[in-house]
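>>> Quick one: sequence plus predicted model below, questions after.
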Amino acid sequence: MKLRNLLIFSLLILPSAARAGEIPSAPVQIALAAEAAAQPLPEEFSGLSFEMQRVLPERDGTHYFRPDNAPLLTLFRTLGIRCLRVGGNTADRPTVPFPSTDDIDLLFAFARKAGVKVIFTLRLREGDPRRAGAIAKHIVDHYPDTIWCFAIGNEPNVFAPEYPKFFAAWQQFADVVNSPEFAPKARFAGPSSTAGKTAWTRDFAQQLAGRGRLLVATQHIYPGGNSDLVKDPAAARDLMLSREWVEGYQKFHDGFAPQVLASGTAYRLGETNSFWNGGRQDASNTFAAALWALDYLHWWAAHGANGLNFHTGDYVAKSETNTRCLYAAFWSTEHGYKAKPVAYALKAFDLVRHGRLLPVAITENSRKLNLTAYGVRADDAVYLTLINKGHAAGALAATVTLATRPGAPAETMRLLVPDGDIARTEGLTLGTGTIRENGEWDGRWIAIPPADATGRLVIDVPAASAVLVKLPPR
């Protein structure tokens, strides 16, 4: 990006002890584009992913997804969830019954009331194309306003190792689903392959380009890999907030996203979270996960993704069994749902995402602070998200001095945990508030002193925290 027509933001980076002025500042320059030429963020960007087994009735006959589940409906709205994907390994596990039309009706009644679009996975492994067609027809006939698209199979490279074999099976299913007998106008997502098979996503999008079938190319990724291989949770937390992970996103992105977009198709991370096999205790469920997920959402938005579906649930698939979900956005409780760190990231992102991306460039960072910055221009405001991922002993705080018009008002909202301890699993706040078990959130924006007579506005960003900044529209 050429740095023309830019607003220059000056950050003074200081150790926490320097707030009394004892330690010199280390300036960082940030440039925020004066005009947003980028695309608007898709309305369906923020999503969740659940196991298909979650659609089935519980042992007592009740359903998780049902239109009278008030706490879950409220929580979806609070977090800004606009896309609900059901799939996971249990969608293709032959030992797990596939939901009946009664189960599916409750799912879609919930989704309609929650205001979300659904990505529904049809069983490919040992599946029946005609049954898939009948299910698709039922959904399209009854819920045309709520179904977004269908996936055929979940991570099919696990049970169909050769791409040509998978694609032939996929086409057979899609032909039946799209036949005049069933759902001729149904659209699809896919191939929903694992992270090591980006070539599948690239080839899939290119082969289906221009045929009107593929709505969005979907790829799965868990940046940390297999949670069973993580021996040191402290090291895992460090990795989650490291530049190494960000470099991994870039390499992964470059393996498929440019080619998919060039084919005229959007791309989406249809299932994602920190570590697969349910996440790692004391890493995936800590404040580190909140900072990671907030940065992760913004990074993929800035790189043209259609959206992300964070895999979640009380339990998730682990190969042919299930395991406790440690990376969950929330867990079921007696009175509703307990928000976990990823939920706070989703809420923080939703507060600032309703507009057009406003490119931000860090033009100077002599102290190499591990800080990221993102901007969004909305109709009512300009939003800036600052994430200070530094957290080790001696990590630097940031005093942010930005240039705006004299007297300009501003508000901030902070994502914090006591003592800046990224290992904590409790005590998170956003805007001084918490997400309650009934799904409501009681946080708020807080006004800060306006810009001085020279247009200087000062914001501090402690280590291991994030700050949302709301500025007047321009």
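Cool, got the structure. Residues are numbered from 1 along each chain as shown.

>>> Report the contact partners of the spatially closest residue to Pro97 that is not a sequence neighbour.
Of all residues beyond its chain neighbours, the one nearest Pro97 is Leu56 (6.6 Å), with distances taken as C-beta to C-beta, 6 or more residues apart in numbering. For the C-beta atoms, the positions are set from N, CA and C on the backbone; glycine is no exception. By C-beta atoms under 8 Å, 6 or more residues apart in numbering, the contact list for Leu56 reads 63, 96-97, 99, 103.

>>> need the helices for the chain, in chain order.
Assigned helices in the chain, in chain order: 70-79, 101-114, 129-142, 163-177, 198-208, 233-240, 243-254, 257-262, 287-302, 341-352 (criterion: DSSP state H).

>>> Turn those into CSV, including mean pLDDT and distance to Leu468.
Conversion of these to CSV gives the following (pLDDT from 0 to 100; distance: least, C-beta to C-beta, whole Å):
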stretch, mean pLDDT, distance to Leu468
helix 70-79, 98, 15
helix 101-114, 98, 24
helix 129-142, 98, 37
helix 163-177, 97, 42
helix 198-208, 97, 32
helix 233-240, 98, 20
helix 243-254, 97, 20
helix 257-262, 98, 27
helix 287-302, 98, 9
helix 341-352, 98, 6
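
>>> Nearest to Ile422, out of the ones you listed?
In this view, those are compared for proximity to Ile422 by C-beta to C-beta, and helix 287-302 is the closest at 4.1 Å.

>>> follow-up on the earlier one: can you say which of the helices of the chain is nearest to Pro42?
Using C-beta to C-beta as the criterion, the shortest distance between Pro42 and these is 8.9 Å, found for helix 287-302.

>>> Would you mind listing the buried residues in that closest one?
Within helix 287-302, the residues scored as buried using 16 or more other C-beta atoms under 10 Å are 287-302.

>>> out of the residues you listed, what pair is the most spread apart?
Phe287 and Ala302 (23.0 Å).

>>> that older thread, please convert the buried members of the contacts of Leu56 into ChimeraX selection syntax.
Restricted to the buried members of those, where burial is judged by 16+ other C-beta under 10 Å, the ChimeraX selection command reads as follows:
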select :63,96,99,103
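
>>> Look up how far Ala302 lies from Leu291.
Applying C-beta to C-beta, to the nearest Å, the value for Leu291 to Ala302 is 17 Å.

>>> Sketch out the strands for the stretch 301-450 of the chain, chain order is fine.
With DSSP state E, counting those that start in this stretch applied, the stretch 301-450 of the chain shows strands at 308-311, 315-318, 321-324, 330-332, 337-339, 356-358, 360-365, 371-377, 382-388, 396-403, 410-416, 429-430, 446-448, listed in chain order.

>>> hang on, the earlier thing: can you put the helices of the chain in TSV and add distance to Thr429?
As requested, these are arranged in TSV below (distance: least, C-beta to C-beta, whole Å):
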stretch	distance to Thr429
helix 70-79	15
helix 101-114	25
helix 129-142	40
helix 163-177	46
helix 198-208	38
helix 233-240	19
helix 243-254	25
helix 257-262	35
helix 287-302	11
helix 341-352	8
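
>>> List the buried residues in stretch 320-328.
When burial is assessed from 16+ other C-beta under 10 Å, stretch 320-328 yields the following buried residues: 322, 325-328.

>>> Need the max-distance pair from those residues.
Maximum distance among these (C-beta to C-beta): 14.2 Å, for Asn322 and Tyr327.

>>> Ends of stretch 436-449, what's the gap?
From the first residue to the last, stretch 436-449 extends over 30 Å; the measure is C-alpha to C-alpha, to the nearest Å.

>>> Identify the residues contacting Trp170.
Contacts of Trp170 by C-beta under 8 Å, 6+ apart are 124, 152-153, 156, 190-191.

>>> and if we set it to 6 Å?
The contact partners of Trp170, taken as C-beta atoms under 6 Å, 6 or more residues apart in numbering, are Ile152.

>>> Any idea which residue is closest to the centre of this protein?
The C-alpha lying nearest the average C-alpha coordinate of the chain belongs to Leu308 (C-alpha atoms, centre = their mean; 4.2 Å).

>>> The closest residue to it other than its chain neighbours: neighbour count?
Counting by C-beta to C-beta, 6+ apart, Leu308 lies nearest to Leu269, which is 4.6 Å off, once chain neighbours are set aside. When neighbours are defined as other C-beta atoms under 10 Å, Leu269 has 23 of them.

>>> May I ask you to confirm that Leu269 is in contact with Asn306?
No: in this structure Leu269 lies outside contact range of Asn306 using C-beta atoms under 6 Å: 8.9 Å.

>>> What's the local residue count around Ile81?
By other C-beta under 10 Å, 22 other residues sit near Ile81.

>>> what about the nearest residue to Ala109 once chain neighbours are set aside, distance to Tyr344?
In space, and not counting its chain neighbours, Ala109 is closest to Pro67: 4.1 Å by C-beta to C-beta, 6+ apart. According to C-beta to C-beta, Pro67 stands 27 Å off from Tyr344.

>>> what about the protein, any weak spots by pLDDT?
Of all residues in the chain, those with pLDDT under 70 make up the ranges 1-31, 34-37, 364.

>>> tell me the domain ranges of it?
Segmentation of the chain into domains, based on automatic domain parsing, reads 6-39+368-471, 46-352.

>>> most tightly surrounded among these?
Highest mean neighbour count among the domains of the chain (mean count of other C-beta atoms under 10 Å): domain 46-352, with a mean of 20.

>>> Spatially nearest residue to Asn249 (excluding sequence neighbours)?
No Asn there; residue 249 is Tyr. Of all residues beyond its chain neighbours, the one nearest Tyr249 is Trp299 (6.0 Å), with distances taken as C-beta to C-beta, 6+ apart.
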